[in-house]
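Undergrad: When you get a sec, could you give me coordinates for this:
(one chain, ligands or ions: 1)
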Amino acid sequence: MRKILQQLKQYKRETFLCIGLTALEVVMEILMPFVTAIIIDKGLQAGNLSAVYRFGALIVVMSFLSLTFGALAGKNAAGAAAGLSANLREAIYSNIQTFSFSNIDKFSVPGLVTRMTTDITNVQNAFMMSIRVAVRSPLTLIFSFIMCMIISPHLSAMFLIAIAFLIVVIGTIMVVTLKIFSQVFRRYDDLNASVQENVSAIRVVKAFVREDYENVKFSKASKMLYDLSVKAEGLLAFNSPAMMIAVYFCIISVSWFGAQFIVGGSMTTGDLTSLFSYIMSLLMSLMMLSMVVVMISMSLASIRRISEVLSETPDLTDPENPVTEVANGQIDFNHVNFSYKHGSGKNALSDIDLHIKSGETIGVIGGTGSGKSSLVNLICRLYDVDDGSVCVGGVDVRKYDTEVLRNQVSVVLQKNTLFSGSILDNLRWGNPDATDEECIEACKAACADEFIDRMPNGYNTKIERGGANVSGGQKQRLCIARALLKKPKVLILDDSTSAVDTATDASIRAAFAKEIPGTTKIIIAQRVSSVESADRILVLDEGKVNAFDTHENLLKNNTIYQEIYNSQLEGSGDFDQPS
Ligand SMILES: Nc1ncnc2c1ncn2[C@@H]1O[C@H](COP(=O)(O)OP(=O)(O)OP(=O)(O)O)[C@@H](O)[C@H]1O
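TA: Numbering: from 1, shown residues only. Okay, the predicted model is just below:
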């Protein structure tokens, strides 16, 4: 909660103004029945019209003030709550930017999106309600009770009975509903995650004709949510009857005893009238308070989830005096062990000991899940090793300024992403200062120029969000060009030409050999044809190095490589698929 409130920052003024104005609004509301009593006793009953006019005018002024204070308090509450949510969103967003891949793995992408949208909206609404009601209700409760005590200490005892009754009944309802609401929120989380997953993968759902299955799955989850919500709301509906019982009890007993006190002369009619007003505000504020408790508790889950992201510290940090230059593209893996759950769970890589010379072209091949992506992710320090070390240019990657390292080790990841903007904008992600000519050169090397030239606006063609208007192969080529613009010392292609035809794949490799001979190139591929021309080929099997040699030697001596080669010769295309 403290972490969340810290984000109020420049909106503290609005918050305090709201609290102050609400307190003034309450004072006005409390004084009004008091003045009404004076009008009845000293004006109407005493036949003093001038007192009626004077105090009547006072009531009008007080109501006007009360309304003004209320409206201003509401405006400030809305401003503070909207400001808090904007600050929270910004704080989460900038913290996410510092996250390493393993931080992101921990929350998952849909999880982070839900926190930045639904959770923040929950907190915003709860905050807006609570700074108004959490101030208003207790103050009304206390002041009303004090006024009741001043008017009639004996009759105030009735309220104590009614309050005790309400606390027990509403309290029980609250405890039970809160438990149900926490279940509702957990289900809501699951539902959100599954909606995000399915909507972002809607093309796959359609391709596999899974719409009906997904509809049934969603209806089931939605029905479960409906049942739980009905149960919780059904229980909350008892709040109102309980409240009415307490109100009627107070009215009847106050009328009964009040009438006797008036007859006995120990109370005036005006006192009795104002006492009725105080009963109503006292019980109503109790009811409102219970609603705020529900609202705050309902947003507790969101508060917890937001705080988790805010308190998450990036697990990859730069050293105090980082190395700011990568000497060359030499890569050394020194007995590396790595697991995604650091120290627990199965190792994704075990005892990797590899030494790659600067400027070499290395092919990496192996079955699905053999650790190819994990291996290259360590080179640009997307994850840290558990044991051993990974060195680039002879220096441990943990000693570098991460920005410098990632600028010199350019990776075209398996999941390529383009952003909305022109082709040139996308290319300049690689190097914001690249000239048009440099961009065109990079596209030529990545064999992307031919399809860009055919586009109506050439390099200024707009790419839609996520690269929806380019094909898989075109996207891959643009991503390679983007990586080339960094002029890196190490270029890693993680299965990045899988959607490109074999001839273009060969042209890209030929262009690399010609254009960037000094750059160390690591090419992960499913096709032997993509790696056979490499200086050496690394065969990975279950996270271990199975062989590291030339194509010719591997064909002679390595059974896994021979199997892959033969299966692809037979035309199955991918060694993971049964031939
Ligand atoms: N983000 C992650 N969190 C946890 N485990 C992971 C993660 N990424 C990969 N793994 C696991 O690590 C192992 C190696 O995966 P990796 O992605 O490196 O294999 P790969 O050879 O690149 O596979 P593919 O050819 O299918 O891309 C697998 O068992 C995989 O399940």
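
Undergrad: which residues sit in contact with residue 449?
TA: 440, 443 (Cβ atoms under 8 Å, 6 or more residues apart in numbering). (Glycine included, C-beta is placed from N, CA and C.)

Undergrad: Could I get the pLDDT score of it?
TA: On pLDDT, residue 449 comes in at 87.

Undergrad: Would you report the backbone torsion angles of it?
TA: Main-chain dihedrals, residue 449, degrees, to the nearest 10: phi -60, psi -40.

Undergrad: cool, residue 363 as well?
TA: The phi/psi pair for residue 363 (degrees, to the nearest 10) reads phi -100, psi 140.

Undergrad: which ones are touching the closest residue to it other than its chain neighbours?
TA: Computed as Cβ to Cβ, 6 or more residues apart in numbering, the closest residue to residue 363 that is not its neighbour in sequence is residue 531, at 2.6 Å. Taking Cβ under 8 Å, 6+ apart, we find residue 531 in contact with 363, 364, 365, 523, 525, 537, 551.

Undergrad: Touching, the first one and residue 530? I think so.
TA: It stands for residue 363. Yes. The pair residue 363 / residue 530 is scored as a contact, 7.1 Å apart, by Cβ atoms under 8 Å.

Undergrad: Mutual contacts of those two, please.
TA: Common contacts of residue 363 and residue 530, defined by Cβ under 8 Å, 6+ apart, comprise residue 523.

Undergrad: before we move on, back to that, of the contacts of residue 531, buried ones?
TA: Those of the contacts of residue 531 that meet the buried threshold are 363, 364, 365, 523, 525, 537, 551, by 16 or more other Cβ atoms under 10 Å.

Undergrad: who's in contact with the first one?
TA: Taking Cβ under 8 Å, 6+ apart as the contact definition, residue 363 lies against 523, 524, 525, 530, 531, 532, 534, 536, 537, 538, 551.

Undergrad: Mark which of the residues you listed are part of strands, please.
TA: Counting by DSSP state E, the contacts of residue 363 place 523, 524, 536, 537, 538 in strands.

Undergrad: which of the contacts of residue 363 lies closest to the ligand?
TA: Taking Cβ to the nearest ligand atom as the measure, residue 524 is the one of the contacts of residue 363 closest to the ligand, at 6.9 Å.

Undergrad: is it true that the closest one touches residue 493?
TA: Yes. Using Cβ under 8 Å, residue 524 is in contact with residue 493, at 6.6 Å.

Undergrad: who touches the lowest-mean-pLDDT helix or strand in the chain?
TA: Lowest on mean pLDDT, DSSP states H and E among the helices and strands of the chain sits helix 202-207, with a mean of 74. With contacts defined as Cβ under 8 Å, 6+ apart, helix 202-207 is touched by 198, 210, 211, 214.

Undergrad: C-terminal to that helix, which secondary structure element comes first?
TA: Using DSSP states H and E, the helix or strand that directly follows helix 202-207 along the chain is helix 211-236.

Undergrad: Which other helices and strands does that following helix contact?
TA: On a contact count with 3 or more Cβ pairs under 8 Å, 6 or more residues apart in numbering; DSSP states H and E, helix 211-236 meets helix 153-200.

Undergrad: now the helix it packs on and helix 211-236, what's the angle there?
TA: When axes from the mean of the first three to the mean of the last three Cα atoms, to 10 degrees is applied, the directions of helix 153-200 and helix 211-236 differ by 180 degrees.

Undergrad: Quick check: residue 358 vs the ligand, distance?
TA: Using Cβ to the nearest ligand atom, to the nearest Å, one obtains 24 Å as the distance from residue 358 to the ligand.

Undergrad: what's the distance between the closest residue in space to residue 410 that isn't next to it in sequence and the ligand?
TA: Spatial nearest neighbour of residue 410, excluding adjacent residues (Cβ to Cβ, 6+ apart): residue 488 at 3.7 Å. Relative to the ligand, residue 488 is positioned 21 Å away (Cβ to the nearest ligand atom).

Undergrad: Need phi/psi at residue 488.
TA: phi -80, psi 160.

Undergrad: show me what contacts it?
TA: Under the criterion of Cβ under 8 Å, 6+ apart, the neighbours of residue 488 are 407, 408, 409, 410, 519.

Undergrad: what's the burial count for the third one?
TA: Counted with other Cβ atoms under 10 Å, the neighbours of residue 409 add up to 28.

Undergrad: Tell me what it is bridged to.
TA: When bridges are called by DSSP bridges, residue 409 pairs up with residue 490.

Undergrad: Which residues are in contact with it?
TA: Residues near residue 409 by Cβ under 8 Å, 6+ apart: 326, 379, 380, 392, 488, 489, 490, 492.

Undergrad: again, but for the second one
TA: Neighbour list for residue 408: 326, 392, 393, 486, 488, 489, 490 [criterion: Cβ under 8 Å, 6+ apart].

Undergrad: List the single closest residue to it in space, sequence neighbours excluded.
TA: residue 326 (4.0 Å).

Undergrad: count of neighbours near residue 128?
TA: Neighbour tally, residue 128, other Cβ under 10 Å: 21.

Undergrad: What are the phi and psi values at it?
TA: Here is the backbone geometry of residue 128 (degrees, to the nearest 10): phi -60, psi -40.

Undergrad: I'd say it and residue 76 touch.
TA: No. With contact defined as Cβ under 8 Å, residue 128 does not count as touching residue 76 (10.1 Å).

Undergrad: Quick one: mean pLDDT for stretch 562-576?
TA: Averaged across stretch 562-576, pLDDT comes to 66.

Undergrad: residues from the stretch 51-200 of the chain in reach of the ligand?
TA: For the stretch 51-200 of the chain, the residues in contact with the ligand (Cβ under 6 Å from any ligand atom) are residue 105.

Undergrad: so for stretch 426-440, what's the average pLDDT?
TA: 86.

Undergrad: Counting neighbours, what do you get for residue 91?
TA: Neighbourhood size, residue 91 [other Cβ under 10 Å]: 18.

Undergrad: Then the one 10 residues further on?
TA: Residue 101 has 14 neighbours, counted by other Cβ under 10 Å.

Undergrad: Now name the helix or strand holding the closest residue to it other than its chain neighbours.
TA: Nearest non-adjacent residue to residue 101, counting by Cβ to Cβ, 6+ apart: residue 382, 4.6 Å away. Per DSSP H and E, residue 382 falls between elements, in no helix or strand.

Undergrad: got it, and residue 547?
TA: Using DSSP H and E, the element containing residue 547 is strand 544-549.

Undergrad: That strand - contacts with which helices or strands?
TA: In terms of contacts (3+ Cβ pairs under 8 Å, 6+ apart), strand 544-549 is packed against strand 349-356, strand 536-541, helix 551-557, helix 559-569.

Undergrad: the inter-axis angle of the shortest one versus strand 544-549?
TA: Same thing as strand 536-541. Going by the same axes, to 10 degrees, strand 536-541 makes 160 degrees with strand 544-549.

Undergrad: Domain-wise, how is the chain divided?
TA: 2-311, 331-569 (automatic domain parsing).

Undergrad: mind checking the SS state of residue 358?
TA: For residue 358, the assignment made with DSSP: H, G, I helix; E, B strand; the rest coil gives coil.

Undergrad: I'd say it and residue 521 touch.
TA: No. With contacts counted by Cβ under 8 Å, residue 358 stays clear of residue 521, the gap being 10.9 Å.

Undergrad: neighbour count winner among the two?
TA: Neighbours per residue (other Cβ under 10 Å) separate residue 358 from residue 521, with residue 521 holding more: 23 against 17.

Undergrad: what does the model give the closest residue in space to that one that isn't next to it in sequence for pLDDT?
TA: Spatial nearest neighbour of residue 521, chain neighbours left out: residue 361 (4.5 Å); criterion: Cβ to Cβ, 6+ apart. As predicted, residue 361 sits at a pLDDT of 92.

Undergrad: Tally up the residues packed near residue 361, please.
TA: Residue 361 has 21 neighbours, counted by other Cβ under 10 Å.
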